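Enquirer: next input, structure requested:
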Amino acid sequence: MISPDHPLVRLAALIQWERFDKAYAPFYCDNNGAPGLPTRLMVGMQYLKYTYNLSDEEIVKRWLENPYWQYFCGEEYFQTDFPCDATSLDVTEMNNANKSRNEDGTPAQ
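Expert: Numbers count the residues shown, from 1 in each chain. This next block holds a predicted model:
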């Protein structure tokens, strides 16, 4: 059980996670390749990675041990398996997605 007063629980409640889904949706294709990981998981792990100054490998390991990090990233139940391979956290793809957007957030042509 987690405390609703924990800073990450409170922050998770303040973030409008749907905005990330909408922002990144144009960059994913439902019928091409493996299904994408949940946006909240990827954005949440990026936040934790940079907040705690961790490597991709370290963030995945620590996520597995921390129920607050898991909750922040959208999990409802404690997970005992890694959410993804550390290579899935490569920010190059997220940065490229952001660079190919107009100032209003719509995909660039």
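Enquirer: measure Arg10 to Gly36 for me?
Expert: 28 Å (C-beta to C-beta, to the nearest Å). No exception for glycine: its C-beta is placed from N, CA and C like everyone else's.
Enquirer: of the two, which one has the most company?
Expert: Counted by other C-beta atoms under 10 Å, Arg10 and Gly36 do not tie: Gly36 has more neighbours, with 15 against 11.
Enquirer: how about the nearest residue to the more buried one, chain neighbours excluded?
Expert: Distance criterion C-beta to C-beta, 6 or more residues apart in numbering; nearest residue to Gly36, sequence neighbours excluded, is Tyr28 at 5.0 Å.
Enquirer: give me the neighbour count for the one you found.
Expert: Here the count is done by other C-beta under 10 Å, and Tyr28 has 13 residues near it.
Enquirer: that one reaches Met42, doesn't it?
Expert: No: in this structure, Tyr28 is not within contact of Met42 by C-beta atoms under 8 Å, at 10.9 Å.
Enquirer: starting at the chain centroid, how far to the helix or strand where Leu11 lies?
Expert: Assigned by DSSP states H and E, Leu11 falls within helix 7-14. In terms of C-alpha atoms, centre = their mean, to the nearest Å, the centre of helix 7-14 is set 14 Å apart from its chain centre.
Enquirer: so what does that helix touch, helix or strand wise?
Expert: helix 67-72 (3 or more C-beta pairs under 8 Å, 6 or more residues apart in numbering; DSSP states H and E).
Enquirer: residue ranges for the helices of this protein, please.
Expert: Under the criterion DSSP state H, helices of the chain are mapped to 7-14, 17-24, 39-51, 56-65, 67-72, 91-99.
Enquirer: got JSON lines for the ones you listed, with distance to Thr80 and mean pLDDT too?
Expert: As requested, the helices of the chain are exported to JSON lines (distance: least, C-beta to C-beta, whole Å; pLDDT from 0 to 100):
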{"stretch": "helix 7-14", "distance to Thr80": "20", "mean pLDDT": "97"}
{"stretch": "helix 17-24", "distance to Thr80": "24", "mean pLDDT": "92"}
{"stretch": "helix 39-51", "distance to Thr80": "16", "mean pLDDT": "93"}
{"stretch": "helix 56-65", "distance to Thr80": "7", "mean pLDDT": "88"}
{"stretch": "helix 67-72", "distance to Thr80": "10", "mean pLDDT": "96"}
{"stretch": "helix 91-99", "distance to Thr80": "26", "mean pLDDT": "47"}
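Enquirer: understood, closing this out.
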